[in-house]
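Trainee: structure here, sequence nowhere to be found:
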């Protein structure tokens, strides 16, 4: 086979993410994990940098997550490695920020979520505008229970489907819908209390 033919056939012969996950789980061979991680190291770094806002901290987070994957992949059923890795990296960064007492909340407010919340909220007074509510949304999210907060973050802020949220959190589909519905109601109440 010529060099050009080998290069052109490489993409077709490369194992899928799921195949690499299954091979790693079956053999524990770090080469499979390394190949899989190499495909998404840019994603892990980008997510880490968005949360931690410091290149060195983001690089450290990427290495810490890689070390964590060796055991985590053997404990968890992973059907979509890219989505799962995103969730693992984001959670790692959130935990890092929580350990830093003075760090700002990592969750960025979503205008779409605010619009959904305000659609049925009581009318705001003249001095209470959407910008003010948008500014307090991260704190309101942080006051929710873990299940509600996590489901809302995934669904609205990370634009995940109900099925993806269920897969990433381990909640049943009905639990996910309930957490999102109840979380929206609780956020509305918190925001209305500021009106």
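Mentor: Looks like it came in fine. What you see is a predicted model; the values in this text were computed from it and never measured. Numbering: from 1, shown residues only.
Trainee: please make it C-alpha for all contacts and neighbour counts, starting now.
Mentor: Noted.
Trainee: how close does residue 187 sit to residue 71?
Mentor: Using CA to CA, to the nearest Å, we find residue 187 at a distance of 36 Å from residue 71.
Trainee: residues near residue 167, how many?
Mentor: Counted with other CA atoms under 10 Å, the neighbours of residue 167 add up to 19.
Trainee: whichever strand or helix holds residue 87 packs against which elements?
Mentor: Using DSSP states H and E, residue 87 sits in helix 81-99. In this structure, helix 81-99 packs against helix 17-27, helix 30-52, helix 55-75, helix 162-169, with contacts taken as 3 or more CA pairs under 8 Å, 6 or more residues apart in numbering; DSSP states H and E.
Trainee: angle of that helix against helix 30-52?
Mentor: Interaxial angle of helix 81-99 relative to helix 30-52 (axes from the mean of the first three to the mean of the last three CA atoms, to 10 degrees): 50 degrees.
Trainee: between helix 81-99 and helix 162-169, how many degrees?
Mentor: 60 degrees.
Trainee: what are the buried residues along helix 81-99?
Mentor: Buried residues in helix 81-99, counted by 16 or more other CA atoms under 10 Å: 81-82, 84-90, 92-94, 96-97.
Trainee: residue 186 contacts residue 144, correct?
Mentor: Yes. The pair residue 186 / residue 144 is scored as a contact, 7.5 Å apart, by CA atoms under 8 Å.
Trainee: still on that earlier bit, more crowded one of residue 187 and residue 71?
Mentor: Under the criterion of other CA under 10 Å, the comparison of residue 187 against residue 71 puts residue 187 first, with 22 against 12.
Trainee: which SSE is residue 187 in?
Mentor: Assessed by DSSP H and E, residue 187 sits inside helix 173-193.
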